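Colleague: Sequence first, predicted model second:
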Amino acid sequence: MRILIIHTFYQSPGGEDTVFQQEQELLAVDHEVLSLTFQNKKGWKGALQTIFSFWNIAALYRVKRTLAEFNPDLVHIHNTHYASGPLIIRTIYKLGFPMVMTLHNFRLLCPSAILYHNNQLFLSSLSQNFPWTAIKNKVMDNSAIKTFILAANYWFHRKIGTWNRVDRYITLSGFAKNIFVNSTLPVEAQKFVVKPNFTFPIESSISPTEDYFIYIGRLTEEKGILNLLEVFSKTDIKILIIGDGILKQEVIEAAQKNTNIHYLGFKSRAEIIPLVEKAEALIVPSLWFEGMPMTILEAFSVGTPVIGSDIGALSELIIPNKTGLLFNPQDVDNMLITLQQWKDYSQQEKFNIRQTTKAFYFSNFTPEENKNKLLSIYKEAIQANTKRSSI
């Protein structure tokens with residue numbers, strides 16, 4: 001199969017970039033794959049990209065030229081925000097190519113993209129045809145102007161039917177699929193399918209753990225880092241914290257005051273994996289709707305359970321007493337009780353959970369499983385495109 005993958009890189013690398021690169025690498029083993037990428041700019045160049053993302057003629061011609069030269073069997077889009085823009089979807093549709101798009105976030109529904117604002121979930125846009133509440137609350141970079149521009153862009157393409165021109169949308173979880181299907185987005189429910197992310201297997205054994213938990217991620221409010229610090233300041237349970245972000249100083253201060261809190265700063269993946277493998281569990285205290293965190297999949301791949309928030313997709317990934325435990329991320333006392341519950345388990349009980357965690361990974365998140373699901377979705381998209389063309 002000839003597959004064209006289109007992706008727009010953000011100013012700073014992120015999880016979407018990793019998924020794009022991994023899927024490209026995975027598919028290239030058995031198929032002819034070409035990638036077409038765009039790059040978001042900073043400053044006035046970025047401002048121009050944002051303005052022209054409504055109807056980006058330059059991106060249109062790049063895509064059109066690539067389609068003519070490569071003539072793919074299918075086009076897979078990851079991110080269009082904002083250097084390429086939604087117009088490329090209309091171009092691909094007009095030229096008759098089957099099309100799949102991965103929804104890494106909720107930007108099609110809300111300018112916030114993550115359904116989180118002012119330290120709480122922000123769901124108003126899900127029931128509005130135009131997100132006036134989001135604009136009023138300045139959900140994008142605390143700017144009413146930026147929020148309005150993005151909202152107007154996506155609303156405009158909603159009104160002219162751009163989003164309904166995609167043959168299949170990939171959501172990362174059943175939870176995310178339900179959010180899209182039950183929103184005001186005018187796209188048929190059958191177009192949404194679920195395919196989680198994956199991670200390459202890591203050679204490991206169910207080895208004895210050491211007496212610590214571990215947190216890996218951005219040090220930001222929506223990630224629940226402040227509640228995490230409060231919880232571990234009330235116990236002598238050891239926690240390793242890896243990452244960077246705007247709340248770095250708060251983490252440093254907490255580590256200085258509490259001998260059980262250890263801040264390790266930023267670490268490479270090669271440095272992180274051995275620490276995850278030896279940890280009792282990975283802690284994920286997120287307050288927002290996570291997509292499909294690679295840190296969780298990597299923990300599963302080495303048999304490390306996850307103790308995390310009972311919210312969104314995390315509730316699907318974390319199966320109590322099978323792949324970890326769930327807590328209420330807004331309730332510090334409940335988080336403490338859950339941690340103690342884990343500590344009270346026998347070594348055999350913990351070992352059994354580590355075994356089922358690793359089995360869960362091999363059943364759902366390996367490259368082979370992912371490729372099979374992806375190719376099945378491609379087949380659906382091609383069939384839908386063929387059916388449409390014959391009408």
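Modeller: Received, thanks.
Colleague: Give the buried residues for the host helix or strand of Ser363.
Modeller: Under the criterion of DSSP states H and E, Ser363 resides in helix 347-364. Using 16 or more other CB atoms under 10 Å as the test for burial, helix 347-364 gives 350, 353-354, 356-358, 360-361. C-beta: built from backbone N, CA, C; applies to glycine.
Colleague: Centre-most residue in the protein?
Modeller: The C-alpha lying nearest the average C-alpha coordinate of the chain belongs to Gly291 (CA atoms, centre = their mean; 3.4 Å).
Colleague: wait, doesn't that one sit right on His104?
Modeller: Yes - using CB atoms under 8 Å, Gly291 makes contact with His104 at a distance of 5.8 Å.
Colleague: hey, what's in contact with both of the two?
Modeller: 15, 172 (CB atoms under 8 Å, 6 or more residues apart in numbering).
Colleague: lowest-confidence helix or strand of this structure?
Modeller: Ranking every helix and strand in the chain by mean pLDDT, DSSP states H and E puts helix 43-52 at the bottom, with a mean of 87.
Colleague: ok now stretch 99-113, how far from the chain's centre?
Modeller: Mean C-alpha position of stretch 99-113 versus that of the full chain (CA atoms, centre = their mean, to the nearest Å) differs by 10 Å.
Colleague: Show me the shaky parts of the stretch 101-250 of the chain.
Modeller: Applying pLDDT under 70 to the stretch 101-250 of the chain flags the ranges 205-208.
Colleague: would you list every one of the strands in it?
Modeller: 116-117, 120-121, 168-171, 192-194, 213-216, 239-242 (DSSP state E, counting those that start in this stretch).
Colleague: tell me what the last one is packed against?
Modeller: Contacts of strand 239-242 with other secondary structure elements, assessed using 3 or more CB pairs under 8 Å, 6 or more residues apart in numbering; DSSP states H and E, are made with strand 213-216, helix 225-233, strand 261-265, helix 269-278.
Colleague: Of all these, which one is nearest Val284?
Modeller: Nearest to Val284 among the helices and strands packed on strand 239-242 is strand 213-216 (7.7 Å), distances taken as CB to CB.
Colleague: Distance from the chain centre to the closest one, please.
Modeller: The chain centroid and the centroid of strand 213-216 are separated by 19 Å, computed with CA atoms, centre = their mean.
Colleague: Check stretch 263-272 too.
Modeller: With CA atoms, centre = their mean, you get 20 Å for stretch 263-272.
Colleague: what comes up buried for that stretch?
Modeller: Buried-residue list, stretch 263-272, by 16+ other CB under 10 Å: 263, 272.
Colleague: contacting residues around it?
Modeller: So stretch 263-272 is contacted by 216, 240-244, 251-252, 254-255, 275, 298 (CB under 8 Å, 6+ apart).
Colleague: now stretch 379-391
Modeller: With CB under 8 Å, 6+ apart, stretch 379-391 has contacts from 73-74, 96-100, 167-168, 193.
Colleague: same deal with stretch 149-167?
Modeller: 50-51, 53-54, 77, 82, 85-87, 89-90, 92-93, 98-101, 107-108, 111, 129-131, 134-135, 140, 185-188, 191, 380-382, 384-385.
Colleague: For it, which residues meet the burial criterion?
Modeller: 149-151, 153-155, 157-158, 162-163, 165-167.
Colleague: So which bits of the least confident helix or strand of the chain are buried?
Modeller: So helix 43-52, judged by 16+ other CB under 10 Å, has buried residues 49-50, 52.
Colleague: same deal with stretch 216-233?
Modeller: For stretch 216-233, using 16+ other CB under 10 Å, the buried residues are 216-217, 219-229, 231-232.
Colleague: how long is that stretch end to end?
Modeller: Distance between the two ends of stretch 216-233: 18 Å, counting by CA to CA, to the nearest Å.
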